[in-house]
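Asks: here is my input, please return the structure:
(one chain, ligands or ions: 1)
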Amino acid sequence: MAIILGLNINHADSSACIIKENKLVFAIEEEKLNRQKHWAGLPGLAIKECLINSNTKAGEVTDISLNTNPLSNITKKSIYFIKNYIFGSKKKEIFSRLKKKIRIKNVLCKEFGFTKKIKINYIDHHLSHIASSYYPSNFENAICVSIDGFGDFASVVIAEGKGSQIHIKEKFFFPDSLGIFYEMMTQLLGFKNYGDEYKLMGLSSYGRPTYKEIIFNRLFDKSKILKLNTQYFSHIDKDFAYKFNGIPEQNQIYNNEIFNIIKKEDIEVHKEDLAASVQAVFEEVFFKIIKRAKELIKSDNLCLSGGCALNSVANGKLKEIHGIKKMFIPYAPGDAGGAIGSAIMTSYKYQKKKIENLQCPFIGPNFSDNSVEKFISTIDKININIIKLTENDLLEFTAREIANSKIVGWFQGRMEFGQRALGNRSILADPRNKNIRDIINQKIKRRENFRPFAPSIIQERNNEWFEFQISNNHYMETVIKIKPNKRDLVPSVVHVDGTCRVQIVSKTTNVLFYKLIKRFYELTNVPILLNTSFNENEPIVCNFQEAYNCFDRTDMDILVLNNFIFLKK
Ligand SMILES: [Fe+2]
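Replies: Prediction:
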């Protein structure tokens, strides 16, 4: 039986997962362990956790599966390589990248004790994305689309999912990229860190798309599905380089030509309108790509992946495309999830049986009650009271305290994979309290006030509260409208434009979280909790110590670690 370690390595959001006995057993992103956001180096701690938590010795691992293939799109890549090798100054960077890829097996064997017999499987970047979406969807057939910055020289791949097979139909290549456009405009609007695109998306609801036409007309060739006007971009420059060695370093993707379209001094003044315009342009091109995919493939189902599938605002509007009846977006559509897609592809090389446990995002570390007790023995208890409760009492106590406007750090079970807290590492609060949002933003998250919070609703009440959806929304994958008559009942989870990034919670997806929301519903007649990730300007907390530190240094009222309640005196 093959034991497959899937890796997203030396790339942003590096991660590891393990498939053993035909089941996805464990997965985690490196950033959650080394506490460096979007870590782009070797996922060394993640690999070790995969081995420990799956009871696997390094020597037993038969395959390593990477979400990149140096041979993918080799003709296109070679032309670029030759051009830049002969005429450009990219020689050093290209050689160092190639050397790194060739040396990967030696590095991994030396560092982790894998045997020399271990097989390294290179799976194309977009095929890995598509696999991470199609196989967990359980659709019999689907239109599969991966939309990204770049991966293996392509930015978009359209494929048909049919039974257990994925057939590539069309690709869009460097330098044209929807992800690069959004990243460039994110930088231009002053959000300078890698991965800040979600901030632009949040801000876009506050503005009017007054710059949409000029941005679209000048930055894109509107007659094509996806064609950038590269005179405004620097990613084609000879000395442009991504630095993916550790913490990803962001190169400036726009050049000064952009200020002929958008005046420098207008950026701060019209930031909201610019954000709305960028989002509107993104959506227009996004729709064009999906419509093209719909033309190529006959199916009512859509599986979406790639970094652009994290744009939950655009995702929520895909129901407007005629003929798409169901949509599946995985819990980690970005590069971290590529490790899982790659491992799935390698697993299918050996056998055709469905891989188990592909829909459950709670595949990270778990901590027992014993380890809570050990942890409690190590901390200073002068300023806190700690109580252990039964499950029923815990649910009752927590639901009541939330209904009394207390803010609760909720730490339970196995950690979720992906960027969103789905109820096991979450900060929870009362959605009815309109002040809670500002309190959390200012006193706990210490972040921009425009950032929205998500509602988590129990499945059976969803249709009463939210408008029609084509995805299951178990992973907060789309932003949708709340019904007008419900809007004022939960002001802290409704964005300025009446939208919400909803999470639907069922008994099968997360039973304890489901029971907590249900208890809150019985107390308040509102079947929704405000749910935001358990962190403060850091990766989501992974262990007790990080959860406790966050509780201790912020104005969070209550911390719940498994069945233990921590209260500030
Ligand atoms: Fe990607």
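Asks: where in the protein is pLDDT low?
Replies: For the chain, the stretches flagged by pLDDT under 70 are 81, 84-102, 241-244.
Asks: show me which helix runs longest in it.
Replies: Counting by DSSP state H, the longest helix found in the chain is helix 271-296.
Asks: wait, Asn462 touches Ser506, no?
Replies: No. Look at Asn462 against Ser506 with Cβ atoms under 8 Å: they stay out of range, at 9.5 Å. Every residue, glycine included, has its C-beta placed from N, CA and C.
Asks: and the nearest residue to Ile180 once chain neighbours are set aside, helix, strand or coil?
Replies: Excluding its sequence neighbours, the residue lying closest to Ile180 (Cβ to Cβ, 6 or more residues apart in numbering) is Gly149, at 5.4 Å. Using DSSP: H, G, I helix; E, B strand; the rest coil, the structure places Gly149 in strand.
Asks: residue contacts, Gly149?
Replies: By Cβ atoms under 8 Å, 6 or more residues apart in numbering, Gly149 lies in contact with 155, 177, 179-180, 183, 307.
Asks: what does Thr554 give?
Replies: Thr554 touches 443-444, 446, 536, counting by Cβ under 8 Å, 6+ apart.
Asks: switch to 7 Å and redo it
Replies: Contact analysis of Thr554 by Cβ atoms under 7 Å, 6 or more residues apart in numbering lists 443-444, 536.
Asks: whichever of those end up buried, select them in ChimeraX.
Replies: Selection of buried members from the contacts of Thr554 for ChimeraX, criterion 16 or more other Cβ atoms under 10 Å:
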select :444,536
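Asks: closest one of the contacts of Thr554 to the ion?
Replies: Glu536 (27.6 Å; Cβ to the ion).
Asks: which stretches in the stretch 451-569 of the chain count as helices?
Replies: Assigned by DSSP state H, counting those that start in this stretch, the stretch 451-569 of the chain shows helices spanning 462-465, 511-524, 544-553.
Asks: from the ion, how far off is Glu283?
Replies: 20 Å (Cβ to the ion, to the nearest Å).
Asks: swap that for Ser54, sorry
Replies: In terms of Cβ to the ion, Ser54 sits 25 Å off from the ion.
Asks: same question, Asp497
Replies: According to Cβ to the ion, Asp497 and the ion sit 29 Å apart.
Asks: can you check Asn8 too?
Replies: Asn8 is 9 Å from the ion, by Cβ to the ion.
Asks: go on, Ser177?
Replies: 11 Å.
Asks: neighbours around that residue, how many?
Replies: Applying other Cβ atoms under 10 Å, we find 26 residues neighbouring Ser177.
Asks: so which helix or strand takes in the closest residue in space to it that isn't next to it in sequence?
Replies: Counting by Cβ to Cβ, 6+ apart, the nearest residue to Ser177 once its immediate chain neighbours are dropped is Ser155, at 3.6 Å. Taking DSSP states H and E as the criterion, the element that holds Ser155 is strand 154-162.
Asks: C-terminal to that strand, what's the next element?
Replies: strand 165-173.
Asks: now the helix or strand following that following strand and strand 165-173, what's the angle there?
Replies: Using DSSP H and E, the helix or strand that follows strand 165-173 towards the C-terminus is helix 178-188. With axes from the mean of the first three to the mean of the last three Cα atoms, to 10 degrees applied, the angle from helix 178-188 to strand 165-173 works out at 50 degrees.
Asks: packing partners for helix 178-188?
Replies: In terms of contacts (3 or more Cβ pairs under 7 Å, 6 or more residues apart in numbering; DSSP states H and E), helix 178-188 is packed against strand 141-151, helix 197-204, helix 271-296.
Asks: how long is stretch 306-324 end to end?
Replies: 19 Å (Cα to Cα, to the nearest Å).
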